[in-house]
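[1] Got a predicted model here, sequence first, then my questions.
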Amino acid sequence: MSVPVKPFKSQFTSFDYFIIGLTYVFFPLALIIAAFRILPTQQHHSYQGRNLRLVGWVLFGTYIVILVINLVTSESSEQFLNDNLAMALCILIPALFLLVAADFLDKKFRKLLGIYREAVLQRRLIYIEHIAIVANQSPAHVIRDLNYMLKERMLPAGKIEDGALVIRSLHREPVNPVESQTKTESKSVACSGCGARTVISRHEEKRVRVLRLDHEIHQLA
């Protein structure tokens, strides 16, 4: 089923902009509010980039405010430069680091969303456990990410129930999760060499068996 791809881009809310603006009025309070703002959502992949970006901009604003205060209160240019250097090391550099890290986390989540789309729309995996193996994520993270994708309409309308992602429009007729998984006949297998687990379909499993048989015949020859 073809679903228009909606690119992920973390965005600030009006409250986030309020926190950043508050930094230039009273930065200690802005830092406290920002901390309480990000703590409940830091485990969500969709919010991690936004959270780091928010703290980065608050720290940047804090540096600007302190710079202006030092400019007014410093008794000499040497004292101003020393104080400014200390603030740059303690506040400005971490702020810039957080802004760069935020972009990295957004790119990482965009890649992860692509893995989820392939697993659900192309490979037709529905069990959270199997999707977690493909995405190399914990089941709890997979549930949060898939709920985000459903909410943002990055996947067809569906819901998660009994450890499975149920999207009726992917099937010609309504089926329950157990029947759907039986039809796709996907299974989790472990590599005989390294022990790593992956999920393969019935067609892929047949191909693996043929390749193994061909390899054994070559060894006997």
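    Good, I have the coordinates.
[2] what's the single longest helix in this structure?
    Counting residues, the longest helix found in the chain (DSSP state H) is helix 45-73.
[3] what comes up buried for it?
    Of all the residues in helix 45-73, those buried under the rule 16 or more other Cβ atoms under 10 Å are 45-67, 70. (Each C-beta comes from the backbone N, C-alpha and C, glycine too.)
[4] for the record, mean pLDDT for that helix?
    For helix 45-73, the mean per-residue pLDDT is 94.
[5] any idea how far that helix is from the chain center?
    Helix 45-73 sits 23 Å away from the centroid of its parent chain (Cα atoms, centre = their mean, to the nearest Å).
[6] and it, what other elements does it pack with?
    Here helix 45-73 touches helix 14-38, helix 77-87, helix 93-117, helix 139-151, going by 3 or more Cβ pairs under 8 Å, 6 or more residues apart in numbering; DSSP states H and E.
[7] Surely residue 48 and residue 8 touch.
    No. Here residue 48 lies out of contact with residue 8, judged by Cβ atoms under 8 Å, at a distance of 11.8 Å.
[8] what sits in contact with each of the two?
    Taking Cβ atoms under 8 Å, 6 or more residues apart in numbering as the criterion, residue 48 and residue 8 both touch residue 109.
[9] most tightly surrounded among the helices and strands packed on helix 45-73?
    Of all the helices and strands packed on helix 45-73, helix 139-151 has the most neighbours on average by mean count of other Cβ atoms under 10 Å, namely a mean of 17.
[10] I would like the residues contacting that one, please.
    Residues outside helix 139-151 that contact it (Cβ under 8 Å, 6+ apart): 43-46, 112-113, 116-117, 120, 128-129, 131-132, 135, 137, 154-155, 157-160, 163, 165.
[11] 7 Å instead?
    Contacts with helix 139-151, where a contact means Cβ atoms under 7 Å, 6 or more residues apart in numbering, come from 44-46, 112-113, 116, 128-129, 131-132, 135, 155, 158, 160, 165.
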